[in-house]
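In: Compute the structure for the input listed below.
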Amino acid sequence: MDWKIKKAGSGLKGEIVVPPDKSVSHRAVMFASIAAGSCRISNFLFAEDCMRTYEAFRSMGVDITRSGGFIEIKGQGMKALEQPAGELYMGNSGTSMRILSGILAGQDFPARMTGDGSLSRRPMRRVIEPLLSMGAVISSLDGGLPPISTGPRKAPLKAISYRTPVASAQVKSCVLAAGLYADGVTSVTEPFQSRDHTERMLEYFAADIERQGLTTSLKGLKELSPRDIEVPGDISSAAFFIVAALLADGSDVILRKVGLNSTRDGALRVLKRMGGRIEVLDVSGDVEPQGDIRVRSSSLKGTVIEAEEIPLLIDEVPVLAVAAAAAEGATEIRGISELKVKESDRVKSVVEDLTRLGAEISEEGDRLIIPGGSERFEPADLESFGDHRIAMSMAVAALISGGECVVRNTGCVETSYPAFLADLEKLRA
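Out: Predicted coordinates for the structure are as follows:
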């Protein structure tokens, strides 16, 4: 499937509700499934990635039913999961495979997780190594690539104190999930703050967890208490429309009920720093704060995005690069190595596509250098590289092109935002 997208002549106007948060949806299913009682998850994201987590737990005997926009999960406790009849297929979802590795490490049955071609090239040694040090039975292909096989566990896992080599919410979440099944206190220390959805949700489910600076500690072998959860709108999905509205002249857009977790809103802070007219309205929520965001077209200026900011906006870097290319003055994005092991090599992908659009951009060591000044991009034939965030970022770039752009192979957007193009067209109307 390809998209043909023309310049947004009179800007974007109106309001939309972005899809539910993918990261929160994954974790809600995981921890509700091993809680000791029933939970209702409202505003769950019924997109491909999250459905892989959903189906994995159904395959392990969890009673999960869908009704309208919410799901009911009848958790039976941490030890009630059952051996799946076959392989657990994770599709393109690295979140599913990495965090579920921690939960499966604590089970007394064997399991095997597989993925699609893209996921099968993503590094899993980063979760396998700490799990092995906890006494888990876990293996992968040579090089630490999927499939991943786990169990059966022969004794309680051992608590560890682990320092992550990179700031990764998935690695941290995997170790904490395994820590639920460990005898003692498991702690994870990061070099920089990464997303804290797992910590928030474990606190909400009454886990014995404590946070101090960049270290999170969890005492294992305590059952989780069931809780109902409302999933906020996904700020990573909102970021495409935020940048689009900033760049397209005459825009005035409101995004409703967007998640405003302080470990996820780095893109908002960067775009405000660049001169973006962004207002946050009506903040509410318990486990995850949410609110409305109003965005109006703005003249952006270049900035420096430091390495320690990357974990707080890692999924938004491709669309931030689009904003930087259109801004006045140079932007430097530091600490980009983690972007090379996402659904695509996002550094290579964004450099190639922005170059096709006539923008200047280069990779220098662990940095992206974007001189800026491209008020209008050249019409171009662009590639998604099988990566949903690249596809949507290039759709945003097309809105300020001098003609029609084609974005190739956009079926990958089904993993996170199936209605993206429809919502974009709604704001153009």
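
In: Domain boundaries for this protein, per the record?
Out: For the chain, whose domains are defined here by automatic domain parsing, the residue ranges read 3-20+232-428, 22-230.

In: Would you reformat these as a markdown table and include mean neighbour count?
Out: Where you see a C-beta, it was placed from the backbone N, CA and C, and this is true even at glycine. Below are the domains of the chain laid out as a markdown table (neighbours: other CB atoms under 10 Å):
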| stretch | mean neighbour count |
| --- | --- |
| domain 3-20+232-428 | 20 |
| domain 22-230 | 20 |
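
In: Now these in TSV, please, with extra columns for mean pLDDT.
Out: Listed next are the domains of the chain as TSV, based on pLDDT from 0 to 100:
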stretch	mean pLDDT
domain 3-20+232-428	95
domain 22-230	96
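
In: And the helices in the stretch 101-250 of the chain?
Out: Here the stretch 101-250 of the chain has its helices, by DSSP state H, counting those that start in this stretch, at 125-133, 169-179, 197-204, 235-247.

In: list the helices and strands the first one packs on?
Out: Applying 3 or more CB pairs under 8 Å, 6 or more residues apart in numbering; DSSP states H and E, one finds that helix 125-133 contacts helix 94-105, strand 138-141, helix 169-179.

In: Which residue ranges of the stretch 1-150 of the chain form strands?
Out: 3-6, 13-17, 38-42, 63-67, 70-74, 88-89, 111-114, 138-141, 145-150 (DSSP state E, counting those that start in this stretch).

In: Quick check: which of those strands is nearest to residue 56?
Out: strand 88-89 (4.7 Å; CB to CB).

In: Tell me which strands the closest one pairs with, and in which orientation.
Out: strand 111-114 (parallel) (DSSP bridges).

In: what does the partner strand rub up against?
Out: With CB atoms under 8 Å, 6 or more residues apart in numbering as the contact definition, strand 111-114 has outside contacts at 56, 60, 83-84, 87-90, 96-97, 100-101, 104, 120, 146-151.

In: Need the CA coordinates for it. CSV is fine.
Out: Provided in CSV are the C-alpha atoms of strand 111-114 (Å, rounded to 0.1, in the frame of the first residue of the first chain):
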residue,chain,number,x,y,z
ALA,A,111,7.9,-21.4,25.7
ARG,A,112,9.3,-20.1,22.4
MET,A,113,8.8,-16.7,21.0
THR,A,114,9.2,-15.9,17.3
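
In: For the stretch 301-429 of the chain, which segments count as strands?
Out: 304-305, 331-334, 362-364, 367-370, 381-383, 404-408.

In: Same list, those strands, but as JSON lines with distance to residue 130 please.
Out: Output for those, formatted as JSON lines (distance: least, CB to CB, whole Å):
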{"stretch": "strand 304-305", "distance to residue 130": "28"}
{"stretch": "strand 331-334", "distance to residue 130": "26"}
{"stretch": "strand 362-364", "distance to residue 130": "30"}
{"stretch": "strand 367-370", "distance to residue 130": "29"}
{"stretch": "strand 381-383", "distance to residue 130": "36"}
{"stretch": "strand 404-408", "distance to residue 130": "38"}
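
In: Minimum distance to residue 352: which of these has it?
Out: The nearest among the strands of the stretch 301-429 of the chain, by CB to CB, is strand 381-383 at 7.2 Å.

In: Check which helices and strands that closest one is in contact with.
Out: Strand 381-383 packs on helix 346-356, helix 388-398, strand 404-408, going by 3+ CB pairs under 8 Å, 6+ apart.

In: Can you pull out the residues in contact with the first one?
Out: It stands for helix 346-356. In contact with helix 346-356 (CB under 8 Å, 6+ apart) are residues 317-318, 321-322, 325, 336, 339-340, 361-363, 368, 370, 378, 380-383, 385, 387, 389-390, 393-394, 397.
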